[in-house]
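In: next input, structure requested:
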Amino acid sequence: GAGLAGSVAGLASLFSYPALLAVGLPPVAANVTNTVALFSNTVGTAAGSRAELRGQGERLVRLGGIAALGGGVGAALLLGTPSSAFEAVVPWLIALGSVLILVRGPLRRMVVSRAPESGSARPALPLTCAVLLVGLYGGYFGAAAGVLMLAVLSLSAAEPLAVTNAVKNIATGAANLTAAVAYAVVAPVDWVAAVVLGLGALLGSWVGPVVVRRLPETPLRIAIALAGLGLAGTLWYRAQT
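Out: Sure thing, here's the model as predicted:
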């Protein structure tokens, strides 16, 4: 479930993080274990999205490098500071990303004259900053980082959702990898849980791009946005209790 939801909608942690809490892992251990395990999500989606990623190499290197830098900063913040303040703003970030996905069409038409074609130009400063911040968020906590990244990338280029979704998976995966390496060395990762979750996510994420390819874009985009809003509400409620 985590792999499928992650590759299709960027919501892998909607399944995986609560599952790790349910089997008894403390929140910090669940968070770092989740980050390490879900790198397999990137491997699976890359394998399943070869058609969408064809010709995107230069763009993936740029966006992946920016996101990886953010992921490293996010991991350092998690390991060096208390998480309560950042967790309080997480639901609002997820909700913002979900709303951006819902209104992507009008917003993209507003910026299309200045937006770079897919893979043809360097990211503009606003895009660079946004990808860096989403990468930081992904390295720090990660739940629905894919929703935020999809919202950012959807406004930066005119292309099918399946292509944007595939690029989003690689960019968030780069942030995840940087954080996962740090956590594997110095954080309390539960390796049994990480391996089991990672194998399941690998299988689910491999199937995900096939689902994206076959579903109509508008209903899928609406479903992703509503799922993100649902996760935002859930995390907000937990923060209040």
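In: do I have it right that Phe141 meets Val89?
Out: No - counting by CB atoms under 8 Å, Phe141 does not reach Val89; the two are 10.0 Å apart. Bear in mind the C-beta positions are built from the backbone N, C-alpha and C, glycine included.
In: compare those two (neighbour count), which wins?
Out: Phe141 (24 against 11; other CB atoms under 10 Å).
In: ok, and the closest non-adjacent residue to the more buried one?
Out: Val90 (5.8 Å; CB to CB, 6 or more residues apart in numbering).
In: so the one you found sits right up against Gly138, yeah?
Out: No - contact between Val90 and Gly138 fails when scored by CB under 8 Å: they sit 11.4 Å apart.
In: more neighbours: which of these two?
Out: Ranked by neighbour count (other CB under 10 Å), Val90 and Gly138 place Gly138 first, with 33 against 21.
In: what helix or strand is the more buried one located in?
Out: Assigned by DSSP states H and E, Gly138 belongs to helix 125-140.
In: what's the first helix or strand after that helix?
Out: Downstream of helix 125-140 (by DSSP H and E), the next one is helix 145-154.
In: only the buried residues of stretch 62-76, if you could.
Out: Under the neighbour-count criterion of 16 or more other CB atoms under 10 Å, stretch 62-76 has 62-64, 66-75 buried.
In: where is the longest helix in this structure?
Out: Ordering each helix of the chain by length in residues (DSSP state H) puts helix 161-186 first.
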